[in-house]
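**Student:** Have a look at this prediction, sequence included:
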Amino acid sequence: MASAGVAGEPFFALPFGDIVNYFTPYTAVLFGFALLFTLICILSRPEQQLDVVFGTDAYYAKGVTGKELRFRRFMSIACGCATMAAMVSGDVFNFTLFVSMVGVCIIGIVAAVKSRHVLDAAYNYGIIAIVATIPLFGGAAITLATTGTLSIWELSAMASGMPLIAKMLIIVGVMGEGIAPFYAAKAELFRAPGAPYVIMIHVSSLLMFLRVVEILLTV
Amino acid sequence: MISGYIIGLIVVFAGVALTFSAFLKERDDVHKLILADLTEIAGLAIIALTATDLAEALIIPGLVVGISELLAVSEIYLTREKLFFQPEKLFTIEVMDSAPGIMGAVLVIFGIILSGFTGGAVAATGMIFYFLCKGHKERFSLVETVSAYAWVLWIAAFFTFMLAPSYWFFGVMMAGGAILAKVVAKMSLIGAMRGESNA
């Protein structure tokens, strides 16, 4: 990379043609976080939510068991893998693809929950996530059309870099996939029981936000 | 002078604006989902406007992610509305009794001749039509398995391109056949799997 940018000097790069996947201190830390949370999802058992019946000593236990547990664990691991890939991707289009894939996996994590409130929130989030693919892919496509490359590595070396409109589209797209202001739709999803899996929804949004900032400051 | 690319972009974004205005008025959830799918197509059109080989290669992953999002959200809708059972009254017209055999066969054979992704889609349309008309009691886990092995063959074909480029023709044939089988198997499951025990 021509300039180290905000991410520091890259200490490992894996080139596929002009697409270079790279680890800088910044992306390596983000990758490490995603890996850690994926491991937690693999190894830990889900929480049990308890609802106390108001005015009495009775309570409901809302556990996650059996088929639902396996499905949600699988989806959260898939979400972790997509997040890890988005963290190290050296290609703008691959990044946008993985961001959309994180969106799909997030819907999957709460799809098996029976609560209508959570399903309503998931439905609305899903609609926003689908619509957000236009600015995401649009930003990547406009970058390709104007600069002739999608490689973050090459874009950072160019004097002109990514056009401003493409940057704006990508940030709007990532917003739609789950950072503020659209985070409101996602926050409701946390009411679903099953802590480590549901926390993956939050972690993936946070990491996507940090990574998109790095990409937009670099290119 | 404004280039064709800019004109194309303006047209697509006008289409997107139109869809968004429809979103503002629409209250029905299923219709919202269909509108979201329409906007997805606008996203693919923006990629297609680049009009290079690379853009063509980007459309398929874009399409796949879009379809998987659509499937995930429809699944949420089904769970929320508790639509787990096969509808009692199915759609029937006369052509569905007389045509499925010949139509299915023609489409599958034409698809095999076309081969590749397009052929897979054509052949799968034939199979979906057949299943739609004749009902289905097949072993879907077997179809899934075929699809998975076809995927493995497809990946093997890519490794052939990378590791032994001189065998490119073998690789092309393998990839064309495998993607045909994969797309047919996957698409023929659409609307056929409704959570049965063998699904």
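**Tutor:** Happy to help now that I have it.
**Student:** show me where the chain has helices.
**Tutor:** You didn't pick a chain, so chain A it is. Under the criterion DSSP state H, helices of chain A are mapped to A:25-43, A:66-88, A:92-111, A:116-147, A:152-157, A:164-176, A:183-187, A:195-218.
**Student:** The chain in question should be chain B.
**Tutor:** Per DSSP H, chain B carries helices over the ranges B:4-25, B:29-49, B:53-81, B:95-98, B:100-114, B:116-134, B:140-163, B:168-188.
**Student:** Got the domain ranges for chain B?
**Tutor:** B:1-84, B:87-199 (automatic domain parsing).
**Student:** between these, which gets nearest to residue A:188?
**Tutor:** Proximity to residue A:188 (Cβ to Cβ) singles out domain B:1-84 among those, at 13.0 Å. In short, each C-beta sits where N, CA and C put it, glycine included.
**Student:** Just send the helices of chain A back as a markdown table, with mean neighbour count, distance to chain B and mean pLDDT too.
**Tutor:** Shown next, in a markdown table, are the helices of chain A (neighbours: other Cβ atoms under 10 Å in any protein chain shown; distance: least, Cβ to the nearest Cβ, whole Å; pLDDT from 0 to 100):
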| stretch | mean neighbour count | distance to chain B | mean pLDDT |
| --- | --- | --- | --- |
| helix A:25-43 | 17 | 19 | 91 |
| helix A:66-88 | 20 | 10 | 89 |
| helix A:92-111 | 26 | 4 | 89 |
| helix A:116-147 | 24 | 4 | 89 |
| helix A:152-157 | 20 | 13 | 84 |
| helix A:164-176 | 20 | 9 | 91 |
| helix A:183-187 | 17 | 12 | 72 |
| helix A:195-218 | 20 | 14 | 88 |
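**Student:** Phi, psi for residue B:115 please.
**Tutor:** Taking degrees, to the nearest 10, you get phi 60, psi 180 for the backbone angles of residue B:115.
**Student:** what pLDDT does it get?
**Tutor:** As summarised for this prediction, residue B:115 has a pLDDT of 80.
**Student:** Disregarding flanking residues, what is the spatial nearest neighbour of it?
**Tutor:** In this structure, residue B:115 finds its nearest non-sequential neighbour in residue B:176, 4.3 Å apart by Cβ to Cβ, 6 or more residues apart in numbering or on different chains.
**Student:** so what's that neighbour up against?
**Tutor:** B:115, B:116, B:119 (Cβ atoms under 8 Å, 6 or more residues apart in numbering or on different chains).
**Student:** Which residues does stretch A:179-187 contact?
**Tutor:** For stretch A:179-187, contacts defined as Cβ under 8 Å, 6+ apart pick out A:106, A:121, A:124-125, A:128, A:132, A:175-176, A:178, A:201, A:205, A:208-209.
**Student:** now swap in stretch A:15-29 and tell me
**Tutor:** Under the contact criterion Cβ under 8 Å, 6+ apart, stretch A:15-29 has outside partners A:1, A:4, A:6-14, A:31, A:87-91, A:94, A:149-154, A:211, A:214.
**Student:** what sits against residue B:70?
**Tutor:** With contacts defined as Cβ under 8 Å, 6+ apart, residue B:70 is in contact with A:130, B:33, B:36, B:37, B:40.
**Student:** Among these, name the buried ones.
**Tutor:** A:130, B:33, B:36, B:37, B:40 (16 or more other Cβ atoms under 10 Å in any protein chain shown).
**Student:** of all those residues, which two lie farthest apart?
**Tutor:** B:33 and B:40 (10.6 Å).
**Student:** Leaving out sequence neighbours, find the closest residue to the residue of chain B found nearest chain A.
**Tutor:** Residue of chain B nearest chain A, by Cβ to the nearest Cβ: residue B:73 (3.5 Å). Leaving aside its chain neighbours, residue B:73 sits nearest to residue A:126 (3.5 Å; criterion: Cβ to Cβ, 6+ apart).
**Student:** Throw the helices of chain B into CSV and include distance to residue A:69, thanks.
**Tutor:** Shown next, in CSV, are the helices of chain B (distance: least, Cβ to Cβ, whole Å):
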stretch, distance to residue A:69
helix B:4-25, 36
helix B:29-49, 28
helix B:53-81, 16
helix B:95-98, 41
helix B:100-114, 40
helix B:116-134, 32
helix B:140-163, 22
helix B:168-188, 27
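**Student:** which of these has the lowest average pLDDT?
**Tutor:** Among the helices of chain B, helix B:95-98 carries the lowest mean pLDDT (a mean of 79).
**Student:** What lies in contact with it?
**Tutor:** For helix B:95-98, the surrounding residues in contact (Cβ under 8 Å, 6+ apart) are B:132, B:133.
**Student:** Contact residues of chain B facing chain A?
**Tutor:** Within chain B, the positions near chain A by Cβ under 8 Å from any Cβ of the partner chain are B:5, B:9, B:16, B:23, B:29, B:32-33, B:36-37, B:39-40, B:42-44, B:46-47, B:49-50, B:52, B:54-55, B:58, B:61-62, B:65-66, B:68-70, B:72-73, B:75-77, B:79-80.
**Student:** Tell me, how many residues neighbour the spatially closest residue to residue B:170 that is not a sequence neighbour?
**Tutor:** Once flanking residues are discounted, residue B:170 sits nearest to residue B:160: 6.3 Å by Cβ to Cβ, 6+ apart. Counted with other Cβ atoms under 10 Å in any protein chain shown, the neighbours of residue B:160 add up to 19.
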